[in-house]
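A.B. asks: coordinates only, sequence not included:
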């Protein structure tokens, strides 16, 4: 039985301790799950990846023909090379087939990609107890990890960035690893010749209308404007902005408000506090942010932050209810602001 800690996964996929078996990458960050599976397959392939037979299946395909996974895992290459079967969208419907396969893999590696699985999920439980099973949890990166990844990416490309570039990217991109990687590749290509990036470059290339909508959402909620909040939420969700991203941005916003409020309580004016921030909030939001700093006490901000974190946890366990939970939570916070 081997279930890795989240912080151990990156090191494991670089040097897996077994070459064949059942590997389950799961978690709420689909981009990180996909990246983890790709890196694992790359390292399982060894020094001669062209000699490895890699087959990719979707969970839907296996649902339609449950025997296909066993067939692909046991099919021996004409050249006797290693075989890797990658399954996207894996779920508990694979349990019966994998139970039969786990002791007779014949040198094959099965790499499963799945969503956020609870501890008692049948697929997760099967891989956890399998002698040749490895469970790789993929949870959203911390602020520190994401910022380190951003800096490392630019350093590797020899690109010099202004001091506020990393913070701006962190605010824009949220926690999805796949989106972060894609946007960093775009920025590196843009700066391939100049070897320099400034905040305006980041806003030009990475900020989209969804960021403007997110600003509208957090300002409406924190400012007590229920009608504006409803309009902004409808606009964001109809544009397929992930509720988890909205909750993450709201959490960051209320954390910032609480930090700024500490300075206000120490005697600074709201304007002086905002002017002293680096990066400085955009001038178009200055009035709204000043109002929010006057509306909220530290205790009230703590309560709002706790509610957002609780909602985030609930939506990770029950993603199908994410939109409903998001609306309910932000409306409650909006009502708190309006009551001040």
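C.D. replies: Arrived safely. All figures in this text were calculated on a predicted structure; none of them were measured in a lab.
A.B. asks: tell me where the model's unsure across the stretch 151-300 of the chain.
C.D. replies: For the stretch 151-300 of the chain, the stretches flagged by pLDDT under 70 are 174-176, 207-212, 239, 282-284.
A.B. asks: residue boundaries of the strands in it?
C.D. replies: Shown for the stretch 151-300 of the chain, the strands assigned by DSSP state E, counting those that start in this stretch span residues 160-161, 196-197.
A.B. asks: can you tell me which of the ones you listed is nearest to residue 300?
C.D. replies: Evaluated with CB to CB, these place strand 160-161 nearest to residue 300, the distance being 36.2 Å. Bear in mind the C-beta positions are built from the backbone N, C-alpha and C, glycine included.
A.B. asks: in terms of secondary structure, what does that closest one contact?
C.D. replies: Counting contacts by 3 or more CB pairs under 8 Å, 6 or more residues apart in numbering; DSSP states H and E, strand 160-161 is packed against strand 196-197.
A.B. asks: can you list contacts of the strand it packs on?
C.D. replies: If you take CB atoms under 8 Å, 6 or more residues apart in numbering as the criterion, strand 196-197 is touched by 154, 159, 160, 161, 162, 165, 187, 190, 191.
A.B. asks: over to stretch 256-268?
C.D. replies: When contacts are taken as CB under 8 Å, 6+ apart, the neighbours of stretch 256-268 outside the stretch itself are 222, 270, 273-274, 276-277, 289, 292-293, 296-298, 301-302, 305.
A.B. asks: list only buried entries from the contacts of strand 196-197.
C.D. replies: Among the contacts of strand 196-197, those buried by neighbour count (16 or more other CB atoms under 10 Å) are 154, 159, 161, 165, 187, 191.
A.B. asks: chain neighbours aside, what residue packs nearest to the second one?
C.D. replies: Nearest in space to residue 159, with sequence neighbours left out and distances taken as CB to CB, 6 or more residues apart in numbering, is residue 191 at 4.9 Å.
A.B. asks: contacting residues for that neighbour?
C.D. replies: With contact set as CB under 8 Å, 6+ apart, residue 191 has these partners: 157, 159, 197, 201.
A.B. asks: list only buried entries from those residues.
C.D. replies: Of the members of the contacts of residue 191, the ones counted as buried by neighbours, 16+ other CB under 10 Å, are 159, 197, 201.
A.B. asks: ok, for the last one, nearest residue in space, not its chain neighbours?
C.D. replies: This means residue 201. Taking CB to CB, 6+ apart, and ignoring the residues beside it in sequence, residue 201 has residue 190 as its nearest neighbour in space, at 6.7 Å.
A.B. asks: what about the one you found, distance to residue 173?
C.D. replies: As judged by CB to CB, to the nearest Å, residue 190 and residue 173 stand 15 Å apart.
A.B. asks: over to residue 234?
C.D. replies: With distances taken as CB to CB, residue 234 is found 23 Å from residue 173.
A.B. asks: look at those two and report which has more neighbours.
C.D. replies: When residue 234 is set against residue 173 and neighbours are counted by other CB atoms under 10 Å, the residue ahead is residue 173, at 21 against 12.
A.B. asks: counting neighbours, what do you get for the residue nearest to the more buried one when sequence neighbours are not counted?
C.D. replies: The shortest distance from residue 173 to any residue other than its chain neighbours is 4.9 Å, reached at residue 180 (CB to CB, 6+ apart). A count of neighbours around residue 180, defined by other CB under 10 Å, yields 24.
A.B. asks: for residue 88, same thing?
C.D. replies: As a measure of burial, residue 88 has 18 neighbours, counting by other CB under 10 Å.
A.B. asks: going forward can the numbers begin at 37, since that is how I track them
C.D. replies: Shifting the count to begin at 37 puts that one at residue 124.
A.B. asks: beta partners for it?
C.D. replies: In this structure, residue 124 has beta-bridge partners residue 94, where bridges are defined by DSSP bridges.
A.B. asks: residues touching it, list them.
C.D. replies: Contacts of residue 124 were listed using CB under 8 Å, 6+ apart, and they are 92, 93, 94, 95, 149.
A.B. asks: also residue 129?
C.D. replies: For residue 129, the contact set (CB under 8 Å, 6+ apart) comprises 95, 98, 99, 102.
A.B. asks: considering those residues, which possesses the most neighbours?
C.D. replies: Most crowded among the contacts of residue 129, counting by other CB under 10 Å, is residue 98 at 21 neighbours.
A.B. asks: surely that one is in contact with residue 127?
C.D. replies: No - with contact defined as CB atoms under 8 Å, residue 98 does not reach residue 127; the gap is 9.4 Å.
A.B. asks: nothing else from me, thank you.
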